[in-house]
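1. below are the sequence and a predicted model for it; my questions follow.
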Amino acid sequence: MTFGQGSTEVHALKNITVDIPRGQWTSIMGQSGSGKTTLLHCLSGLMQPTAGQVILHSSDGSSQSISELSENKRAKLRRTHISVIFQDFNLVPILSVQDNISLPMRLAHSKVDKAWLEKITEILGIDHRLKHLPHELSGGQQQRAAIARALISRPEILIADEPTGSLDSQTSDAVLDLFRTVVNELGQTLVFVTHDKDAALRGDRLISMRDGQILENTEITGARR
């Protein structure tokens, strides 16, 4: 992945190849400028790589190249197959928590599965806050609402971009516990981008990056988790 031209050319990603295992938590770790956010944007279809491909292997056995889709088709894919959780939550302030969670389904003109909504909000511990507005929630509760919104469409892949970066340590630990729960209990595929090694080691696999390259791609043992 290259930005700029000539003397301003920057190689954000350099000839990398990586597989994301289904049903596991994959942590991508690196300092600022390591290329981890660019990799996340390519994996989620927010950005098209200047070379190479991003292939999505669906649970039904089909495969498609995300990187070859139009911007509109990539946006549709993010409403149905790939969900992204951003660090700043991106909740709509004038909508209730329930309406924020249901928003991706409404944008996709799909019916909200009320039983599924009840299940994920109960697991995330916000089932009693659904009628509240985002500003009436704590930071941790807002993050949980963002996670529920990402899960409502039953995506094949959940991608979290520094989701604990703006949280205090206690709330951060609670959110990491929740990610472990959705992977273990819901079989969710999670890609977790962070610069925090302790948080990264809560996952099943660790990918370490530096200067646009992968330095390490190893399984995390149960003891380290």
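-> Here it is on my side, so go on.

2. for the chain, which spans come out with low pLDDT?
-> Along the chain, the parts satisfying pLDDT under 70 run over 1-12, 222-225.

3. run the last query once more with 80
-> Screening the chain residue by residue with the criterion pLDDT under 80, one finds the ranges 1-12, 58-62, 79-80, 87-88, 165-168, 170-171, 222-225.

4. how long is stretch 104-118 from one end to the other?
-> Using Cα to Cα, to the nearest Å, the gap from the first to the last residue of stretch 104-118 comes to 16 Å.

5. ok now it, how far from the chain's centre?
-> For stretch 104-118, the distance from its own C-alpha centre to the chain's C-alpha centre is 19 Å (Cα atoms, centre = their mean, to the nearest Å).

6. do stretch 145-152 as well
-> 10 Å.

7. what residues does it touch?
-> Counting by Cβ atoms under 8 Å, 6 or more residues apart in numbering, the neighbours of stretch 145-152 from elsewhere in the structure are 83-86, 89-91, 97, 100-105, 112-113, 116-117, 120-121, 124, 126, 129, 134, 137, 158, 163, 175, 178-179, 182, 186, 188. C-betas here are computed from N, CA, C, even on glycine.

8. got the phi and psi for the residue nearest the centre of the chain?
-> Geometric centre of the chain, nearest residue: Ile159, 1.4 Å, by Cα atoms, centre = their mean. When quoted as degrees, to the nearest 10, the phi and psi of Ile159 stand at phi -120, psi 130.

9. doesn't Leu40 make contact with it?
-> Yes - Ile159 sits in contact with Leu40 when judged by Cβ atoms under 8 Å, with a separation of 6.0 Å.

10. list residues touching both of the two?
-> A shared contact of Ile159 and Leu40, defined by Cβ under 8 Å, 6+ apart, is any residue touching both; here these are Val84, Val191, Val193.

11. turn the residues you listed into JSON lines, including distance to Ile152 and neighbour count.
-> As requested, the shared contacts of Ile159 and Leu40 are arranged in JSON lines below (distance: Cβ to Cβ, whole Å; neighbours: other Cβ atoms under 10 Å):
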{"residue": "Val84", "distance to Ile152": "13", "neighbour count": "21"}
{"residue": "Val191", "distance to Ile152": "18", "neighbour count": "24"}
{"residue": "Val193", "distance to Ile152": "21", "neighbour count": "26"}
